[in-house]
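A.B. asks: only geometry, no sequence info:
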């Protein structure tokens, strides 16, 4: 809002700078004028006092000759003429002339004039002044012929003195009044008017844009104090304008950020409350109120946090018991000024996760997350886990029982088919029966192998497998397994090679399971490697950690990247022509993985579709037992 230019008439006269300056100047000049006039009057007074007697004596001496003649000759007429001459001097009130015999020749008086300032005259000049001179004649120079006496009234002289003093004082006062008027006019044009122009310019300044104003005190440019004031004011206004623009920009940014923060807080699914160092709630979002069913009117921002806690305690959020005890307990948590996390379940079944973090100023920021769905999901997961564990145990027990039930008749089938195929009880004329018996034996052996694998998996899953650990030569077991698989690879024209160092340290493990691992890996490689392919079995030490590893590499069909993890699961089979044309239960790699994990080892499968597969098992360093000082030094 632009201010109105103030009218000079609105300022009382005595409040104007020009008047006050002129008043003080006039007062000083008046005092000095009075002082100077008083000095002048005093000097005039002293001069009058000094010259007054001389003047009377001079006049009397003028009449001394005629008075002496009148006294010597006793001439009354001449005596009266002498008196008339002396009365020409107005201050003389009485003239008396006597001869040598003191006979009075003339004694004349005149009326004393009225003196308004008689008391002052008496104080300044005293009473009447008498002068007497003795007369001598030229005829008898050494003889006194008479005496001339006069009485002088000082009031006559004082009256003239008073007139001069009044003129001096009047001229001084008039001079001071004129000087005051001139000073007022000069102060108005030299000070008041430029200041009013400055004030007018200040009144035209837009408070929101002070930097755009340019103040001036004169129509032209002058280099004086007022112009310097205007220049400094312009610089200050410019600086203020820039600061206001910066502040306005900062306020706009802050307002925008506050709007974004407020919108973010209100849109968050978590309830948020902010508490200052005095445990006063300075802010919260709507979700915080909804989660606790707090009434906004009853608990507005600025309410102590203890009132929120008390409201929750009164509505049973902390259970049954003394309300104030619950309140003190909750507030004590915040007094620690440490991060806290806990869960709270309200009477309506709502579950919340509460997190609190202290701020630098001693306050607190707390979040409340609705975890009701998560808690229900966790309960369902736990329930499903329990059910899965029960089902898994039931499956394991079923497989173990069924495997035992199947193994007994299966052993009979295998035994009788072997007897028939070997014609132990007599020659069979039809050779096809012998072939059927051999097929039955092979199928039975395969089925027995599957059942044994199922039993092994069931035992491992049930945690009923105990490792029979011992130190043994891994290369010897590896060569034995190669010899067992060699007939199968030769039948398919597959090249089976082994790279087994002679000085490999012993391994501390379950020999039976290690043999099973090698046979399963070599069998899988043989099964999935086409004719004229190659299989290589390697064993050695990882140089960095002195850990024993086993590796089987083939040039078979390979495994797709998305199926590498799946082949580790029991009963999983790759959907490929080779898998459909070969027997298998899908338990080979699953058993290898389980047995490897029992030995705290690590199984890694690297494969490319159509390029072959490499399976490496690395055992922990604790299972390496050095048998020579040559290897690995």
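C.D. replies: Looks like it arrived, so ask away. Everything numeric in this text was worked out from a predicted model, so none of it was measured.

A.B. asks: In the stretch 451-600 of the chain, mark out all the strands, start to finish.
C.D. replies: Secondary structure of the stretch 451-600 of the chain (DSSP state E, counting those that start in this stretch): strands at 469-472, 495-499, 506-510, 534-542, 547-554.

A.B. asks: of those, which approaches residue 195 most closely?
C.D. replies: With Cβ to Cβ, the closest approach to residue 195 among the strands of the stretch 451-600 of the chain belongs to strand 534-542: 95.7 Å. Just so you know, the C-beta spots here come from the backbone N, C-alpha and C atoms, and that holds for glycine as well.

A.B. asks: if we can go back for a sec, want to throw the strands of the stretch 451-600 of the chain into TSV with mean pLDDT?
C.D. replies: What follows is the strands of the stretch 451-600 of the chain, written out as TSV (pLDDT from 0 to 100):
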stretch	mean pLDDT
strand 469-472	91
strand 495-499	92
strand 506-510	92
strand 534-542	92
strand 547-554	92
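
A.B. asks: Which of these sits closest to residue 178?
C.D. replies: strand 534-542 (119.0 Å).

A.B. asks: now the angle from the closest one to strand 495-499?
C.D. replies: If you take axes from the mean of the first three to the mean of the last three Cα atoms, to 10 degrees, strand 534-542 sits at 10 degrees to strand 495-499.

A.B. asks: Any buried residues in strand 534-542, and which?
C.D. replies: By 16 or more other Cβ atoms under 10 Å, the buried positions in strand 534-542 come out as 534-541.

A.B. asks: repeat for stretch 541-561
C.D. replies: 541, 547-559.

A.B. asks: and what of stretch 287-300?
C.D. replies: 287-289, 291-292, 294, 299.

A.B. asks: Now find how far off-centre that stretch is within its chain.
C.D. replies: 28 Å (Cα atoms, centre = their mean, to the nearest Å).

A.B. asks: Over to stretch 366-380?
C.D. replies: The mean C-alpha position of stretch 366-380 is separated from the chain mean by 34 Å, Cα atoms, centre = their mean.

A.B. asks: first to last residue in that stretch, what's the distance?
C.D. replies: Terminal residues of stretch 366-380 lie 29 Å apart, using Cα to Cα, to the nearest Å.

A.B. asks: Also stretch 293-307?
C.D. replies: With Cα to Cα applied, stretch 293-307 spans 14 Å between its terminal residues.

A.B. asks: Can you name the residues in contact with it?
C.D. replies: Applying Cβ atoms under 8 Å, 6 or more residues apart in numbering, the set of residues contacting stretch 293-307 from outside is 273, 275, 278-284, 288-289, 308, 311, 315, 327, 331, 334.

A.B. asks: re the thing from before, let me know the closest of the buried residues of stretch 541-561 to residue 624.
C.D. replies: Scanning the buried residues of stretch 541-561 for proximity to residue 624, where the rule is Cβ to Cβ, the winner is residue 548, at 5.4 Å.

A.B. asks: That closest one touches residue 624, doesn't it?
C.D. replies: Yes. Using Cβ atoms under 8 Å, residue 548 is in contact with residue 624, at 5.4 Å.

A.B. asks: what ranges of the stretch 101-250 of the chain fall below the confidence cut-off?
C.D. replies: Low-confidence segments of the stretch 101-250 of the chain, defined by pLDDT under 70: 115-122, 124-127, 211, 213, 218-222.

A.B. asks: Would you map the strands across it?
C.D. replies: For the stretch 101-250 of the chain, the strands defined by DSSP E, counting those that start in this stretch cover 104-109, 129-136, 144-152.

A.B. asks: So which of the ones you listed is nearest residue 472?
C.D. replies: strand 129-136 (163.7 Å).

A.B. asks: Relative to the closest one, what are the paired strands and their orientations?
C.D. replies: strand 144-152 (antiparallel) (DSSP bridges).

A.B. asks: buried set for the strand it pairs with?
C.D. replies: Neighbour-count burial for strand 144-152 [16+ other Cβ under 10 Å]: 145-148, 150-152.

A.B. asks: can you check stretch 261-275 too?
C.D. replies: In stretch 261-275, counting by 16+ other Cβ under 10 Å, buried: 265, 270-275.

A.B. asks: Can you give me the pLDDT of residue 303?
C.D. replies: Reported pLDDT at residue 303 in the predicted model: 90.

A.B. asks: still on that earlier bit, looking at the contacts of stretch 293-307, which are in helices?
C.D. replies: Among the contacts of stretch 293-307, the members found in helices (DSSP state H) are 288-289, 308, 311, 327, 331, 334.

A.B. asks: No further queries at this time; thank you.
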